[in-house]
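[1] Predicted model follows, preceded by the sequence.
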Amino acid sequence: ELQGTYPVIFLSFAAVKADQLSEAKIQIKQQIARVYEENRYLLDGDLLSGNEKKAYNEVNLHMGDAEAAAALNNMSMYLARYYGRRVIILLDEYDTPMQEAYVHGYWAEFTTFVRSLFNATFKTNPYLERAMMTGITRVSKESIFSDLNNLRVVTTTSDLYADCFGFTEKEVFASLDEFGMGDKKDVVKQWYDGFIFGGHRDIYNPWSITNYLKEKKLRPYWADTSSNGLVGKLIRTASPEIKEYMEDLLNGQAVTVNFDEQMVFEQLDYNENAIWSLLLASGYLKAEEVEYRGITLKPWYQLRITNLETVSMFDDMFRGWFEASEAGYSSFVKALMQGDLEAMNYYMNKVSLATFSHFDVGGETCIYFLLADAKMLKDILKHHIIRNLTRYVRNEEDTLSYVLRKKIPGNLRIKSVLYSMNSFQSFV
């Protein structure tokens, strides 16, 4: 009933990915300028005044921040005047530039710009009929929406619109039969099923299914389209407890955790449970059950990895971390075999500074040297044949389950770490 009856402004921030604030602003301004280019017919005739036409032509990717913030409000006014109806504004992937701003360290400055843009576009806009914003992260109202009223938030656990997402299993199986691939139902279910929206289960990702029907090959089609920068950063710098949860998930188990579905980016460095909100909203995890506990009815989510396609994404992510460090590991092995403590110290410092987080060191000024289950050293050595080696990192219990945790002094020199042991072969 609504289609074709209202003027529509559509923007997508999916391509706004920059490692600098200035570049992010330019990319957003480019999207706004595109809207103006698509509606240049508004310049014909006397619909706009001379000053309005001048302001219209000054909208470009080099305009000032104040002009950019007011541009969509002004476009709403022009369209409403032309069509005689208020406008609908659709903004897709509104949170992509916010994730980039957090990952690259310009979040605070960027939110000032976005808050002004959203205020003028969505709050103080008398020509707005309604608006819809989509994204994978539910950014907190306090972060960028503090000026907005009447927000209706719909997440993957909401019942509202739950029947509007994805392909049902009946639809997928019918498509496989039609394409002569009815014998692939079980494997397709393992790879692409598992999404849950509200009370609707067994939902399949349309992008993955359509690509599978076309290519007839099992591949992580959807995961290949996603930006995993923020996910990777949060997992890589998470506490040991979070990493243990991730290990349980990768082993096919479910974990039960409490968290707030809305994300406060400013708190990501301190509230490690925010990782669950991101993984749930982005579809990497599914909430099999939500239980409200206590007198305050806090939600506890039973989470599980969505499907094999998602498992492959995590596998590629973790594998990439180690492949990127392979050269450093090789240098460490050479130093180990030569007994060069200075060189070992240098390479281990590089690994420590690259991998430890605030949660690992508890905010202390010293750095901790961790070998969880002595696994890292085992992985470093597994491709090397080492004979007659009489010294290695000490394992007091002589088992791989022991966690070696040695405090390193301020000069970061590794001292008294290597000891003569006769059981090296059992370690490797």
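    That came through fine.

[2] In the stretch 51-200 of the chain, where is pLDDT below threshold?
    Counting by pLDDT under 70, the stretch 51-200 of the chain shows low-confidence ranges at 138-143, 145-149.

[3] can you check the stretch 201-350 of the chain too?
    Within the stretch 201-350 of the chain, the ranges that satisfy pLDDT under 70 run 223-229, 263-269, 320-330, 332-333, 336-337, 348-350.

[4] Please, where are all the helices along it?
    For the stretch 201-350 of the chain, the helices defined by DSSP state H, counting those that start in this stretch cover 206-215, 229-236, 240-250, 274-281, 308-324, 326-338, 341-355.

[5] how about a markdown table for those, with mean neighbour count and distance to residue 35 added?
    C-betas here are computed from N, CA, C, even on glycine. Output for the helices of the stretch 201-350 of the chain, formatted as a markdown table (neighbours: other Cβ atoms under 10 Å; distance: least, Cβ to Cβ, whole Å):
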| stretch | mean neighbour count | distance to residue 35 |
| --- | --- | --- |
| helix 206-215 | 17 | 26 |
| helix 229-236 | 18 | 27 |
| helix 240-250 | 15 | 41 |
| helix 274-281 | 22 | 27 |
| helix 308-324 | 16 | 33 |
| helix 326-338 | 16 | 46 |
| helix 341-355 | 16 | 42 |
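
[6] For residue 75, find the nearest of those helices.
    Residue 75 lies closest to helix 274-281 among these, at 29.8 Å (Cβ to Cβ).

[7] List the contacts of that closest one.
    Residues external to helix 274-281 that are found in contact with it (Cβ atoms under 8 Å, 6 or more residues apart in numbering): 136-138, 155-157, 230-231, 234-235, 238, 242, 257, 259-264, 267-268, 285-287, 301, 303.

[8] likewise stretch 210-222?
    The contact list for stretch 210-222, computed with Cβ under 8 Å, 6+ apart, reads 175-176, 179, 181, 187-188, 191-192, 205, 207-208, 283, 309-310, 312-313, 316.

[9] go again using 7 Å as the cut-off
    Residues outside stretch 210-222 that contact it (Cβ atoms under 7 Å, 6 or more residues apart in numbering) are 175, 179, 187-188, 191-192, 205, 207-208, 309, 312-313.

[10] Ok, stretch 71-82 next?
    Residues outside stretch 71-82 that contact it (Cβ under 7 Å, 6+ apart): 7, 9, 32, 35-36, 39, 42, 47-48, 55, 59, 86-87, 89, 120-121, 125, 127-128.

[11] In helices, which of those residues fall?
    Among those, DSSP state H puts 32, 35-36, 55 in helices.

[12] Quick check: closest non-adjacent residue to residue 181.
    Distances taken as Cβ to Cβ, 6 or more residues apart in numbering place residue 216 nearest to residue 181, at 7.1 Å, with adjacent residues excluded.

[13] now do residue 111
    Once flanking residues are discounted, residue 111 sits nearest to residue 144: 5.5 Å by Cβ to Cβ, 6+ apart.

[14] Minimum distance to residue 28: which of the helices of the stretch 201-350 of the chain has it?
    Here helix 229-236 is closest among the helices of the stretch 201-350 of the chain (Cβ to Cβ), at 18.5 Å.

[15] what angle sits between the closest one and helix 240-250?
    Using axes from the mean of the first three to the mean of the last three Cα atoms, to 10 degrees, the inter-axis angle of helix 229-236 relative to helix 240-250 is 110 degrees.

[16] Quick one: distance of helix 229-236 to the chain centre.
    Computed by Cα atoms, centre = their mean, to the nearest Å, the separation of helix 229-236 from the middle of its chain amounts to 7 Å.

[17] Which strands and helices lie in contact with it?
    Judged by 3 or more Cβ pairs under 7 Å, 6 or more residues apart in numbering; DSSP states H and E, helix 229-236 is in contact with helix 96-104, helix 274-281.

[18] what about 10 Å?
    Applying 3 or more Cβ pairs under 10 Å, 6 or more residues apart in numbering; DSSP states H and E, one finds that helix 229-236 contacts helix 96-104, helix 240-250, helix 274-281, helix 308-324.

[19] okay but residue 103 is in contact with residue 237, surely?
    No - using Cβ atoms under 10 Å, residue 103 is not in contact with residue 237; the gap is 11.4 Å.

[20] For the contacts of stretch 210-222, which two are the farthest from each other?
    Greatest spatial distance among these (Cβ to Cβ): 179 and 313, at 25.3 Å.

[21] Show residues contacting stretch 287-296.
    155-157, 194, 196, 201, 254, 256, 258, 261, 276, 280, 297-304 (Cβ atoms under 10 Å, 6 or more residues apart in numbering).

[22] Present the helices and strands packed on helix 229-236 as CSV; the columns should include distance to residue 115.
    CSV is the format used below for the helices and strands packed on helix 229-236 (distance: least, Cβ to Cβ, whole Å):
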stretch, distance to residue 115
helix 96-104, 11
helix 240-250, 30
helix 274-281, 20
helix 308-324, 32
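
[23] now residue 258: how far from residue 221?
    Separation of residue 258 from residue 221 (Cβ to Cβ, to the nearest Å) stands at 33 Å.

[24] For the stretch 51-200 of the chain, which segments count as strands?
    For the stretch 51-200 of the chain, the strands defined by DSSP state E, counting those that start in this stretch occupy 87-92, 128-133, 138-139, 167-168, 195-197, 200-204.
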